[in-house]
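J.: Sequence plus the predicted model coming up.
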Amino acid sequence: MTSLLIFTDLDGTLLDHHTYSFEPAKSAMLSLKTFAIPCVINTSKTFHELLPLRKALNHLDPFIVENGSAVYIPKALGLDIQEPLEEAGDYWLKAFGPNREELIRMTENQRENFTFQPFSDMSVDQLIKLTGLSQENAKLAMQREFTEPMVWTDSNQALQAFRDYLEPYGVQIQKGGRFSHLMGKECDKANAMLWLKAQYQSQHLDDELITTMALGDGENDIGMLSKADIPVVIRSPVHAPPEVPNRSDAWLTDDYGPKGWAQAINQVLIKHGIL
């Protein structure tokens, strides 16, 4: 017997790249709730950004923030986690790396060597211009805890040099759709997914295996996709689909964004005899 566990990116995947709407995915999301299939958000967004979004989605499952930097588990779920976790209001928190202040201190002396603009230097208006977010959502996006996004305007060669500089400090750079993200070396969507999968597996009988399905559209989703049992690349209207190394079984949706997301979810539910 198997149980499905869904992990999904947001921007360009569950949310439309241009409008941030999830309307085309609503029916498929309802199907997951109906059949009690957890749908874990795995995103570059912050805890504070996700609070209103989770309310709009009626999302009650765990969620992973800032590109795998931390997992928040609602206490109301009653998951029996066999390791110490931090308390964060209504949630248990598992963090995988240093906090944002440490990252800023570590990189501020490199502004003369590389060309980039970190979030900490941006105004709310600048972020709105870059992303199209509302003023309220832009303010929430700037309330980061574990990562420091930046607009990288230097060369790819310089980016590799910056990565080499940060490596001894246990810090990495992951490229997303609009930003490059400074974060701890262990902060990764795949690591967070596998950790949470293990927590769910521990709640099940030995003969009931967890099958993970991951959906994403960007370079920062490749790790998550490569480690999932069912990897799904969501087609993007603005960039070529990322390649998932050594996974000839990765799906590429016909439709873009949330419409493609719903297509993939429905196909898996049919394949597993759920729909």
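T.: Noted; the coordinates are in hand.

J.: Could I get the full set of strands for the stretch 51-200 of the chain?
T.: Applying DSSP state E, counting those that start in this stretch to the stretch 51-200 of the chain gives strands spanning 63-65, 70-74, 86-88, 91-95, 116-118, 148-152, 171-175, 180-184.

J.: Can you list the helices and strands that the fifth one packs against?
T.: The one in question is strand 116-118. Here strand 116-118 touches strand 148-152, going by 3 or more C-beta pairs under 8 Å, 6 or more residues apart in numbering; DSSP states H and E. Quick note: C-beta positions are derived from backbone N, CA and C, even for glycine.

J.: Name the residues that touch the strand it packs on?
T.: Around strand 148-152, the neighbours that count as contacts under C-beta atoms under 8 Å, 6 or more residues apart in numbering are 44, 100, 103-104, 107, 115-120, 130, 159, 175-176, 178-183.

J.: How about stretch 32-44?
T.: 3-11, 14, 29, 50, 54, 58-59, 61-68, 147, 149, 176, 179, 181, 189, 192-193, 196, 200, 214, 216, 220, 224, 265, 269, 274.

J.: Repeat the analysis, applying 7 Å as the threshold.
T.: Under the contact criterion C-beta atoms under 7 Å, 6 or more residues apart in numbering, stretch 32-44 has outside partners 4-10, 29, 50, 59, 61-67, 176, 181, 189, 192-193, 196, 220, 224, 265, 274.

J.: With stretch 12-27 instead?
T.: The contact list for stretch 12-27 (C-beta under 7 Å, 6+ apart) reads 8, 11, 57, 177, 215-218, 234, 236-238, 257-259, 261-262.

J.: try 6 Å
T.: 8, 177, 215-217, 234, 236-238, 257-259, 261-262 (C-beta atoms under 6 Å, 6 or more residues apart in numbering).

J.: Distance check, the residue nearest the centre of the chain against K271.
T.: The C-alpha lying nearest the average C-alpha coordinate of the chain belongs to T43 (C-alpha atoms, centre = their mean; 2.1 Å). To K271, T43 is 26 Å away according to C-beta to C-beta, to the nearest Å.

J.: follow-up on the earlier one: can you select the buried ones from the contacts of stretch 32-44 in PyMOL?
T.: Entered in PyMOL, the line below selects the buried ones among these, by 16 or more other C-beta atoms under 10 Å:
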select buried, resi 4+5+6+7+8+9+10+29+50+59+61+62+63+64+65+66+67+176+181+189+192+193+196+220+224+265
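
J.: Tell me, please, where in this protein the pLDDT is lower than the cut-off.
T.: Applying pLDDT under 70 to the chain flags the ranges 1-2, 177, 205-207.

J.: can you list the domains in the protein?
T.: 2-96+187-271, 100-184 (automatic domain parsing).

J.: Could you work out the end-to-end span of stretch 243-259 for me?
T.: 21 Å (C-alpha to C-alpha, to the nearest Å).

J.: Residues contacting it, please?
T.: Applying C-beta under 6 Å, 6+ apart, the contact partners of stretch 243-259 are 12, 14, 16-17, 22, 24-25, 222, 225-226, 231-235, 237, 241, 260, 263-264.

J.: picking that back up, please list only the buried members of the contacts of stretch 12-27.
T.: 8, 177, 215-217, 234, 236, 257-259, 261-262.

J.: on that earlier part again, go through the strands of the stretch 51-200 of the chain and pick out the most buried.
T.: strand 63-65 (a mean of 28; mean count of other C-beta atoms under 10 Å).

J.: Direction included, what does it pair against?
T.: Using DSSP bridges, strand 63-65 pairs in its sheet with strand 39-42 (parallel), strand 70-74 (antiparallel).

J.: With distance to E87 added, can I get the ones you listed in JSON lines?
T.: Below are the strands paired with strand 63-65 laid out as JSON lines (distance: least, C-beta to C-beta, whole Å):
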{"stretch": "strand 39-42", "distance to E87": "20"}
{"stretch": "strand 70-74", "distance to E87": "11"}
